[in-house]
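Novice: this is a predicted model, with the sequence first.
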Amino acid sequence: MRTVMTLTIKGKLALGLAAAFVLIVLGSLSLSFLIKREFDKSMIERAKAINADLVLAQAQIHLGAGDFSPALWRQNIARFAAFYGQVKTQEIIRIKVWAPDGTIIYSDATDIRGKQFPDNELFRRAISGETAVAIKPPVGMDNRNERGYEQLMEVYVPIRFAHLPISGVIEVYVKLDFVNEEIRRFNKFIVLFDLIVIAGIAVLGVVTFVFLTHTIVSPVLKLRRAAGAVAHGNFETRAEVRSRDEVGNLADAFNTMIIDLRQSHRDLSQAKDYLENVLSSMNDTLLVVNQDGTIARANDALLRLLHYRPEELIGKPVQIILGDAAKLVDPMQEGREFGSRERRYRAKNGEEIPILFSTSPLRKPDGTPQGVVCVGQDLTQRKAMELALVEHVKRMREDLRNAAEFQRAVLPAAVKVAYADVSLRYIPHSTVSGDVYGMRMNREGDLNVFLGDATGHGIAAAFMTMMAQIGLDTIPRNVSPQGVLNHLNRVLSAHESGRFMTGIFMRVNQKGHLRVANAGHPSVVIIPADGTRHVMLKRGGTALGMFTEQPIPYEEDTYRLGQGDKVFVFTDGIAEWPHPGGELFGYDRLIEVLEETRGSAIDTALDAVLARARDFAAGNPCQDDVTILGFEYRG
């Protein structure tokens, strides 16, 4: 078994301080190393500068530009020996003088005098104007040889007189014993400094650890103990932290949170009790099914409906109350559908009860399935009401059919007139219609025609049409078209139903004299047989049944018909027949068809109007009753 080590806050703090200590020490050592390296460089540069300046100063005094000629080196040995005596010190122990071509024209080592070494890298750098340096062996190494010195620094000094080119190079060998001694003393100081710094950091780390333990770790441990108490349900605990820093603020916030949690816990308990009360008070049944298909919860409504006690259902398979329909609430069944559907509960006594059954998945906070929630509504009373409603609707439909048959029975057929061909198209929108028409011949042989359109649809509109028929049957003799409309207005307004009807009354005699009175209805359209433009008779008044004042001044229009002239009147249903896009058929298209069929029979003209409207609507049904009445005057 793998053991997992968990660090405490103190351990983490100690580990962090130790890591910081190591990093600071490493940084201090790195800084010391850099300081030491820069000190070494500065000491070497200082030694180089001192000896180079000495050599150059003495060369300016004791030598001249011509002394560096390689051809005269033998003659100048004495001069260079004297020069060597001037520059030789305790540190400078050897000397070489180089001509510009790389010939050594003087050296205390006689075996190399007069020899050329033009490829010497340090010489080439010096002859180009740079003071070149080489140290053998490296600085800091203990390499004291048989001559009594540790290290030598070779300094190649370029010699220039006034503004002349470089005349030659003087190489001196400098002992570095004094430099190494300074470096050793400085190294001792650096080591001592590092030890002091490390010790100071260690002491500071211990002090910091103790301080942080007291000011942070201890309050945090108190917070942890308080949090543990809250986790076990103790909402009366407090974190006793006295500090006024961020940890103290955290403790105050924690104590405030405990107060809020205490109140939230009380609210949650109250909400739980409230929810339990709601579930117990539901009229609909509630059933919760576990993942294994057993019943997890059943509310009081379900228990009362099925005559069970809680212990008889909880933990039992859901099949005992749902039978074969239990698969609909099986949480483990693949492809199940959730939603509402009609099913049956099985009661304890075996009775099957119709219900509207709704199911929805129950999920955990992470989204994994937990079960199914089922709500059922008892449909026993609803079923009985549905049956009663079906019977009632059936009776209503039968009554409507009887009313429609009666309504059609009282509507007259197209009359036969010796001097006119009369035709009619009547298409109710529903079983009963709000359109009404009448055609009668009076004793004088005049053709009387009425067409009306009641507001709305259905029974109320049909009632208006029946009242209009009563009014038409009771018209006094020798009444003008205006008088006819006033008579109908009295009949319809007497009931104060709040409804009204548009209507138009026409009277034509054998000589073709046409009189028209209009009560808010679409205008009469006349199509002359001679090919001239159509005529619309637009005079009129208000709709029938709106006002009870007597009389209403309905204006009359008159027109003298010629042989073959056609007269048309219609309700607004034909003009308002809609296209699927919303556009209406309209009066312009209607009149266009009437003019196109000017030379056709009256039946052909009416059929053409209906056909054109149906084509325009592209299968869209008409939303109103349609009635078109027309006659052709034959003289």
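Specialist: Here it is on my side, so go on.

Novice: a strand runs through Pro476, doesn't it?
Specialist: No - applying DSSP: H, G, I helix; E, B strand; the rest coil, one finds Pro476 to be coil, outside a strand.

Novice: what residue is smack in the middle of this structure?
Specialist: Central residue check for the chain by C-alpha atoms, centre = their mean: the C-alpha nearest the mean position is that of Gly367, 20.9 Å away.

Novice: doesn't that one lie inside a helix?
Specialist: No - if the criterion is three-state DSSP, then Gly367 is coil and not within a helix.

Novice: where does it fall, phi/psi-wise?
Specialist: The phi and psi values for Gly367, taken as degrees, to the nearest 10, are phi 90, psi -10.

Novice: I'd like to know how far it sits from Arg297.
Specialist: The gap separating Gly367 from Arg297 is 21 Å, by C-beta to C-beta, to the nearest Å. In this view, the C-beta of every residue, glycine as well, is placed from N, C-alpha and C.

Novice: low-confidence ranges in the stretch 401-550 of the chain?
Specialist: Residue ranges of the stretch 401-550 of the chain with pLDDT under 70: 401-410, 413, 496-497, 549.

Novice: ok, which stretches of it are helices?
Specialist: Per DSSP state H, counting those that start in this stretch, the stretch 401-550 of the chain carries helices over the ranges 458-473, 481-493.

Novice: outside of the last one itself, list whatever touches it.
Specialist: This points to helix 481-493. Helix 481-493 is contacted by residues 448, 450, 452, 464, 467-468, 470-472, 474-476, 479, 500-501, 503, 505-507, 515-517, 519, 541, 544-548, 550-556 when judged by C-beta atoms under 8 Å, 6 or more residues apart in numbering.

Novice: put the alpha carbons of it into PDB.
Specialist: C-alpha atoms of helix 481-493 as PDB (Å, rounded to 0.1, in the frame of the first residue of the first chain):
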ATOM      1  CA  PRO A 481     -86.000  50.900 -51.000                       C
ATOM      2  CA  GLN A 482     -85.200  53.500 -48.300                       C
ATOM      3  CA  GLY A 483     -88.300  52.500 -46.400                       C
ATOM      4  CA  VAL A 484     -87.400  48.800 -46.600                       C
ATOM      5  CA  LEU A 485     -84.000  49.500 -44.900                       C
ATOM      6  CA  ASN A 486     -85.700  51.600 -42.200                       C
ATOM      7  CA  HIS A 487     -88.100  48.800 -41.600                       C
ATOM      8  CA  LEU A 488     -85.300  46.200 -41.300                       C
ATOM      9  CA  ASN A 489     -83.300  48.600 -39.000                       C
ATOM     10  CA  ARG A 490     -86.300  48.700 -36.600                       C
ATOM     11  CA  VAL A 491     -86.600  45.000 -36.500                       C
ATOM     12  CA  LEU A 492     -82.900  44.400 -35.900                       C
ATOM     13  CA  SER A 493     -82.300  47.200 -33.400                       C
END
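
Novice: so for the helix or strand hosting Leu305, mean pLDDT?
Specialist: Element membership for Leu305, per DSSP states H and E: helix 300-306. For helix 300-306, mean pLDDT is 89.

Novice: for the helix or strand following it, buried residues please.
Specialist: In the C-terminal direction, the helix or strand that comes right after helix 300-306 (DSSP H and E) is helix 310-313. For helix 310-313, the neighbour count (16 or more other C-beta atoms under 10 Å) marks Leu313 as buried.

Novice: which elements pack onto helix 310-313?
Specialist: strand 295-298, helix 300-306 (3 or more C-beta pairs under 8 Å, 6 or more residues apart in numbering; DSSP states H and E).

Novice: can I get those in a markdown table with mean neighbour count?
Specialist: Formatted as a markdown table, the helices and strands packed on helix 310-313 follow (neighbours: other C-beta atoms under 10 Å):
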| stretch | mean neighbour count |
| --- | --- |
| strand 295-298 | 22 |
| helix 300-306 | 18 |
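
Novice: count of neighbours near the closest residue in space to Arg598 that isn't next to it in sequence?
Specialist: Spatially, and ignoring its direct neighbours in sequence, Arg598 is nearest to Ile527 (5.4 Å; C-beta to C-beta, 6 or more residues apart in numbering). For Ile527, the neighbour count with other C-beta atoms under 10 Å is 24.

Novice: one more: the one 3 residues further on?
Specialist: Asp530 is flanked by 9 other residues according to other C-beta under 10 Å.

Novice: any idea which strand is longest in this structure?
Specialist: Ordering each strand of the chain by length in residues (DSSP state E) puts strand 352-363 first.

Novice: quick one: strands adjacent to that strand?
Specialist: Applying DSSP bridges, strand 352-363 is found paired with strand 339-346 (antiparallel), strand 369-378 (antiparallel).

Novice: just the buried positions in stretch 536-549, please.
Specialist: Those would be Leu537, Gly540, Gly541, Thr542, Ala543, Leu544, Gly545, Met546, for stretch 536-549 by 16+ other C-beta under 10 Å.

Novice: using PDB, list the CA coordinates for that stretch.
Specialist: Taking Å, rounded to 0.1, in the frame of the first residue of the first chain, the C-alpha atoms of stretch 536-549 are listed here in PDB:
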ATOM      1  CA  MET A 536     -70.600  51.600 -59.000                       C
ATOM      2  CA  LEU A 537     -73.600  52.900 -57.000                       C
ATOM      3  CA  LYS A 538     -72.100  54.200 -53.800                       C
ATOM      4  CA  ARG A 539     -74.800  56.100 -52.000                       C
ATOM      5  CA  GLY A 540     -75.900  54.700 -48.700                       C
ATOM      6  CA  GLY A 541     -76.200  55.100 -45.000                       C
ATOM      7  CA  THR A 542     -75.200  53.400 -41.700                       C
ATOM      8  CA  ALA A 543     -75.500  49.600 -41.000                       C
ATOM      9  CA  LEU A 544     -78.700  48.000 -39.900                       C
ATOM     10  CA  GLY A 545     -79.300  47.600 -36.200                       C
ATOM     11  CA  MET A 546     -76.800  50.200 -34.900                       C
ATOM     12  CA  PHE A 547     -79.200  53.000 -34.200                       C
ATOM     13  CA  THR A 548     -82.900  53.100 -33.100                       C
ATOM     14  CA  GLU A 549     -83.600  56.700 -34.200                       C
END
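
Novice: residues in contact with it?
Specialist: With C-beta under 8 Å, 6+ apart, stretch 536-549 has contacts from 452, 464, 468, 485, 488-490, 492-494, 497, 499-504, 516-521, 523-526, 552-557, 559.

Novice: can I get the helices and strands packed on helix 310-313 in CSV with distance to Gly233?
Specialist: Below are the helices and strands packed on helix 310-313 laid out as CSV (distance: least, C-beta to C-beta, whole Å):
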stretch, distance to Gly233
strand 295-298, 24
helix 300-306, 30
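
Novice: which one, of these, ends up nearest to Glu595?
Specialist: The closest of these to Glu595 is helix 300-306. By C-beta to C-beta, the value is 71.8 Å.

Novice: check which helices and strands that closest one sits against.
Specialist: helix 246-281, strand 285-290, helix 310-313, strand 339-346.

Novice: can you do 7 Å?
Specialist: With contacts taken as 3 or more C-beta pairs under 7 Å, 6 or more residues apart in numbering; DSSP states H and E, helix 300-306 sits against strand 285-290.

Novice: I figured Gly114 hits Trp73, correct?
Specialist: Yes - contact criterion C-beta atoms under 7 Å: Gly114 and Trp73 qualify, at 6.1 Å.

Novice: and the two? which has more neighbours close in?
Specialist: Shown here are Gly114 and Trp73; by other C-beta under 10 Å, Trp73 has more neighbours (19 against 15).

Novice: how about stretch 245-255 as CSV, C-alpha atoms only?
Specialist: This file holds the C-alpha atoms of stretch 245-255, laid out as CSV (Å, rounded to 0.1, in the frame of the first residue of the first chain):
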residue,chain,number,x,y,z
ASP,A,245,-4.3,41.2,10.8
GLU,A,246,-5.6,39.3,7.7
VAL,A,247,-5.9,36.1,9.7
GLY,A,248,-8.0,37.9,12.3
ASN,A,249,-10.1,39.3,9.5
LEU,A,250,-10.5,35.8,8.1
ALA,A,251,-11.5,34.5,11.5
ASP,A,252,-14.1,37.3,11.8
ALA,A,253,-15.4,36.4,8.3
PHE,A,254,-15.5,32.8,9.4
ASN,A,255,-17.5,33.6,12.5
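
Novice: kind regards, and thank you for your time.
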